[in-house]
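Asks: Test case, fold it:
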Amino acid sequence: MMQREQLDSILQSQYRLLENIGQVLQAELEAMLAGNTTELPALAARKLAICGELEQLELARARCADEAGSGLLHDPPAPMALDHAARSRKIRELAQAVTAANQRNGLVVSALIRNTRGALDILRGIPAAEAAGVYGPYGQALGGHQASKTLASA
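Replies: Numbers count the residues shown, from 1 in each chain. As a prediction, the model looks like this:
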């Protein structure tokens, strides 16, 4: 019984941490879209810390399940089995949503980097054929910019 309670505690902690990382990912997205780059290092550090905690909890969960052997998962009382299965399913679903949010943020970062490189190439006068594209899928203007543009004259 002790191991079932410990496993439940671990699963609850994993769920809470996944919710937390989801909030951090949303804050990261909002910061990127607002151009608030000063918040990004702290958010990235928080993501790494949460991932470290999740990794430790997963190791503890696996250890708990191994120590309990097959008795932990076979023939638990019906309500406990349903609760455990439902909690595990919710954790998997939340982990998938967090993974998708992290991938979305990665795509946003990649687009921002690509557009920044493209803008710098325009300012440096790098020919369009050699330059990074500016904008991108559906935002148009990709690679068709002028080779050089006078920004000011004296």
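Asks: Can you give me the buried ones in stretch 47-61?
Replies: Buried positions in stretch 47-61, judged by neighbour count with 16 or more other C-beta atoms under 10 Å: 47, 50, 53, 54, 57, 60, 61. Just so you know, the C-beta spots here come from the backbone N, C-alpha and C atoms, and that holds for glycine as well.
Asks: Ok, stretch 114-128 next?
Replies: Within stretch 114-128, the residues that qualify as buried are 114, 115, 118, 121, 122, 126, 128, counting by 16+ other C-beta under 10 Å.
Asks: Could you do stretch 7-23 as well?
Replies: Along stretch 7-23, these residues count as buried under the neighbour rule (16+ other C-beta under 10 Å): 7, 10, 11, 13, 14, 15, 17, 18, 20, 21, 22.
Asks: need the contact list for the spatially most central residue of the chain.
Replies: Within the chain, one residue has its C-alpha closest to the average C-alpha position: by C-alpha atoms, centre = their mean, that is residue 102, at 2.2 Å. The neighbours of residue 102, taking C-beta atoms under 8 Å, 6 or more residues apart in numbering as the test, are residue 25.
Asks: How far away from the center of its chain is the helix or strand hosting it?
Replies: Under the criterion DSSP states H and E, the helix or strand holding residue 102 is helix 78-124. Once both centres are worked out by C-alpha atoms, centre = their mean, to the nearest Å, helix 78-124 turns out to sit 4 Å from its chain's centre.
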